[in-house]
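Engineer: after the sequence you'll find the predicted model.
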Amino acid sequence: GNSVTQMEGPVTLSEEAFLTINCTYTATGYPSLFWYVQYPGEGLQLLLKATKADDKGSNKGFEATYRKETTSFHLEKGSVQVSDSAVYFCALSDPGANNLFFGTGTRLTVIP
Amino acid sequence: GAVVSQHPSRVICKSGTSVKIECRSLDFQATTMFWYRQFPKQSLMLMATSNEGSKATYEQGVEKDKFLINHASLTLSTLTVTSAHPEDSSFYICSARGLAGGLGYEQYFGPGTRLTVT
């Protein structure tokens, strides 16, 4: 079946620190992979995505590379800001399925 | 573009009453809308998928008679929690997917509705 395992939080970092949030997946086919971000009191926003192996998704300084050999899609940012404080969700979409499968979310807090 | 709204953002109701939550795609036509439930510190769980003009498809374990979904137009889906009980208290999030070729198959999420049943 399809599932996503995500690094548990919460994660607290100082401003300008390096961020990694691990995400691994299990899928029956060749899924597309996503990172969504949820700011306090808001819905989810797509942060980045990758649709095939070795693709790198990037947005707002965040990056994630689709690694088929390790079934991973780790989120990274070289220098976090206070405004990056949010909950981050890793997700996959199987081409044969209609919906998204989400990880449990990782809460990131960045302190000045 | 691709904005999804939900109304209300928060609702408190008494046990036994029904509550309706609206999900609207503001600037695009959504052939498919999804309803998710999010428990505190947990992930989103898909409840049901609705296609405009047809009956919703519910995930295993979701009571269709309790969570009534209507997708009457390409811009509006509603979720009605009937005879609500305290265990129905949760954060409900909808998403909408646009027509292929335009917005593709990406889902756009609403801001969520926090339901509290007393």
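Structural biologist: Looks like it arrived, so ask away.

Engineer: only C-alpha atoms from now on, for both contacts and neighbour counts.
Structural biologist: OK.

Engineer: A:V37: neighbour count?
Structural biologist: 22 (other Cα atoms under 10 Å in any protein chain shown).

Engineer: let me see the contact set for it.
Structural biologist: Contacts for A:V37 (Cα atoms under 8 Å, 6 or more residues apart in numbering or on different chains) come out as A:44-47, A:86-89.

Engineer: now it. Nearest residue, chain neighbours left out?
Structural biologist: Nearest-residue entry for A:V37: A:Y88, 4.5 Å, with adjacent residues in sequence omitted and distances by Cα to Cα, 6 or more residues apart in numbering or on different chains.

Engineer: and that neighbour, how many residues sit next to it?
Structural biologist: The number of residues packed near A:Y88 is 26, by other Cα under 10 Å.

Engineer: surely it meets A:W35?
Structural biologist: Yes. Contact between A:Y88 and A:W35 holds when scored by Cα atoms under 8 Å: they sit 6.8 Å apart.

Engineer: the lowest-mean-pLDDT helix or strand in chain B close to chain A?
Structural biologist: Averaged element by element with mean pLDDT, DSSP states H and E, chain B has its least confident helix or strand at strand B:107-109 (a mean of 87). Yes. Counting by Cα under 8 Å from any Cα of the partner chain, contacts between strand B:107-109 and chain A involve B:108-109.

Engineer: contacts only, for residue 85.
Structural biologist: Using chain A. A:S85 makes contact with A:39, A:107-110, according to Cα under 8 Å, 6+ apart.

Engineer: oops, wrong one, chain B.
Structural biologist: Taking Cα under 8 Å, 6+ apart, we find B:H85 in contact with B:14-16, B:117-118.

Engineer: again, only this time at 6 Å
Structural biologist: Applying Cα atoms under 6 Å, 6 or more residues apart in numbering or on different chains, one finds that B:H85 lies in contact with B:15, B:117.

Engineer: what's the distance between it and B:C23?
Structural biologist: Look at B:H85 and B:C23: by Cα to Cα, to the nearest Å, they are 22 Å apart.

Engineer: same question, A:S14
Structural biologist: A:S14 sits 37 Å away from B:C23, going by Cα to Cα.

Engineer: of these two, which one has the most company?
Structural biologist: Here A:S14 and B:C23 are compared on neighbour count by other Cα under 10 Å; more neighbours surround B:C23, at 28 against 14.

Engineer: how about the more buried one, nearest residue that isn't a chain neighbour?
Structural biologist: Distance criterion Cα to Cα, 6+ apart; nearest residue to B:C23, sequence neighbours excluded, is B:Q6 at 4.6 Å.
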